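Enquirer: quick check, what structure comes out for this input:
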Amino acid sequence: MRWLDAMRGIAALVVVFDHSSYTFMADFRGELMPQFNTSRYGIMVFFLVSGYIIPASLERRGCIRTFWIGRIFRVYPLWAVVVTVLLAANLAGIAEIPDSGQHSTAAVAVAHATMLQELLGTPNLLLILWTLSYEMSFYLLIVALFTVRLHRQSAAIAVILAALAAASVTAGVVLPPSALSGRIGTGPLIALASLAMAVAICCASARSSALRVFGGVLGGVQALVLVSCNGTVPLWEGLVILAAMFLGTAVHRAENGQSTWRCTTGAAVMVVACAVGSAYVHGDGDHFTRRGWITAFLLAVLTFAAGLASRRRRLPRTLTGLGTISYSVYMVHPVLLAVIDSTIGRRQQDNLALEAAFFTALLPLCILTHRYIEAPTQTWGRRLDQRMQPR
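Expert: Residues are numbered from 1 along each chain as shown. So this is what the prediction gives:
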């Protein structure tokens, strides 16, 4: 599916520009962001692509155990290397990491190991890691739906989540960031959520159908509670993120004859309407403008639609190749920026040449991390996957 790689490539370029513009193009960024939120554009494209392909991966395998093996070997190895390099750079004094505040090192480490740290009230070691918490929540939700045989209702689920987002912002439901952590404490929440996640994955991977249902439902409920009650983004936006992912899944079902295009188109209209309406009612904030968010969301949906329309056409190899290494691009660039900010410092004036030089240095490094970290570990995961496939 080279068109999906092309979508990832576009999203990766925009996200890298969004973060690197802090360092090299601050004035231009300040003018652009109120009109077009580049960060939200990039991650919404990524979320739509994940929604399209990840549930299909689970259903193709037909086995929750091998699905989790595939996800772990796909996501964790590079994540572990990047976090290790960042911590080493911090110890060497050439990169800074966020202050953990009152949280213990053990609590922050456990929260990051679950990849739910954004939803557990702890600071992200890297800014981009917050999106992986929503990815992990989506994994838990699709496993839950698979175990209770509701996984084909993607369009309906997308509409329900989007409608809940619109209803929450219309009703003026505003929760403080990490509201659940503030209520019961970050440490107890991390311990409880980590245990629940481990039990959910183990039970959902069991042979017993009763255990599979219990584990799936436990993980799904946990994901919904954390996204709804303990994120740092507004409640409506967390629900819109999940709705966008399930919209991507609905598109996959329509393309493969598991649903009708009429149903999927109706769901898309509802999701877009609720998302745009929610952002409009939410209004402008200190770090948020309704125009910038709405423009980014609409362009992300249109980009995904354009990619879908071109899925049978030849696409530029450069773009699809960039999509192949997009996870490396996404994970590596913040570390490089952290080192630059701590050693050289951010530019006082816009410098397009330095921006271009950053991309020029980043991409070869990401080719190496993909070739020597991502590709081998994915191969190991596939081998273990084949051994663990049920007879």
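Enquirer: any low-confidence regions in this structure?
Expert: Flagging of the chain using pLDDT under 70 yields the residue ranges 389-391.
Enquirer: report the longest helix in it, please.
Expert: helix 64-91 (DSSP state H).
Enquirer: quick one: the helix or strand following it to helix 64-91, angle?
Expert: Next along the chain after helix 64-91, taking DSSP states H and E as the criterion, comes helix 105-114. Taking axes from the mean of the first three to the mean of the last three C-alpha atoms, to 10 degrees, one finds helix 105-114 and helix 64-91 inclined to each other by 140 degrees.
Enquirer: figure out how far helix 105-114 is from the centre of its chain.
Expert: With C-alpha atoms, centre = their mean, to the nearest Å as the basis, helix 105-114 stands 18 Å off its chain's centre.
Enquirer: dump that helix to PDB, restricted to CA.
Expert: C-alpha atoms of helix 105-114 as PDB (Å, rounded to 0.1, in the frame of the first residue of the first chain):
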ATOM      1  CA  THR A 105      11.800   8.300  38.500                       C
ATOM      2  CA  ALA A 106      10.300   4.900  38.800                       C
ATOM      3  CA  ALA A 107       6.700   6.200  38.200                       C
ATOM      4  CA  VAL A 108       7.800   8.100  35.100                       C
ATOM      5  CA  ALA A 109       9.700   5.100  33.800                       C
ATOM      6  CA  VAL A 110       6.700   2.700  34.300                       C
ATOM      7  CA  ALA A 111       4.300   5.200  32.700                       C
ATOM      8  CA  HIS A 112       6.600   5.500  29.700                       C
ATOM      9  CA  ALA A 113       7.000   1.800  29.400                       C
ATOM     10  CA  THR A 114       3.200   1.500  29.000                       C
END
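Enquirer: for that helix, packing partners?
Expert: Helix 105-114 sits against helix 186-204, with contacts defined as 3 or more C-beta pairs under 8 Å, 6 or more residues apart in numbering; DSSP states H and E. C-betas here are computed from N, CA, C, even on glycine.
Enquirer: packing partners for the helix it packs on?
Expert: helix 105-114, helix 129-147, helix 209-229.
Enquirer: can you give me how far the very next helix or strand once past the longest one is from the chain middle?
Expert: On the C-terminal side of helix 209-229, the closest following helix or strand by DSSP H and E is helix 235-255. Between the centre of helix 235-255 and the centre of its host chain there is 12 Å, according to C-alpha atoms, centre = their mean.
Enquirer: how about stretch 319-331?
Expert: 15 Å.
Enquirer: residues touching it, excluding its own?
Expert: For stretch 319-331, the surrounding residues in contact (C-beta atoms under 8 Å, 6 or more residues apart in numbering) are 2, 4-13, 15-16, 46, 74-75, 78-79, 82, 126, 128, 362-363, 366-367, 369-370, 373-374.
Enquirer: do I have it right that Leu120 meets Ala111?
Expert: Yes: if you go by C-beta atoms under 8 Å, Leu120 and Ala111 touch, sitting 4.5 Å apart.
Enquirer: list residues touching both of these two?
Expert: Common neighbours of Leu120 and Ala111 are listed as Ile190 (criterion: C-beta under 8 Å, 6+ apart).
Enquirer: for Phe17, which non-adjacent residue is closest in space?
Expert: Thr38 (6.3 Å; C-beta to C-beta, 6 or more residues apart in numbering).
Enquirer: ok, how many other residues are close to the one you found?
Expert: 21 (other C-beta atoms under 10 Å).
Enquirer: one more: Ser133?
Expert: Other residues close to Ser133 by other C-beta under 10 Å number 26.
Enquirer: separation between the most centrally placed residue in the chain and Ala361?
Expert: Centroid-nearest residue in the chain, with C-alpha atoms, centre = their mean: Thr131, separated by 3.6 Å. From Thr131 across to Ala361, the span is 23 Å (C-beta to C-beta, to the nearest Å).
Enquirer: next: Tyr372.
Expert: Tyr372 is 18 Å from Ala361, by C-beta to C-beta.
Enquirer: equivalent analysis for Leu150, please.
Expert: Using C-beta to C-beta, Leu150 is found at 47 Å from Ala361.
Enquirer: with Trp130 instead?
Expert: Counting by C-beta to C-beta, the gap from Trp130 to Ala361 is 25 Å.
Enquirer: more neighbours: the two, which one.
Expert: Trp130 (17 against 11).
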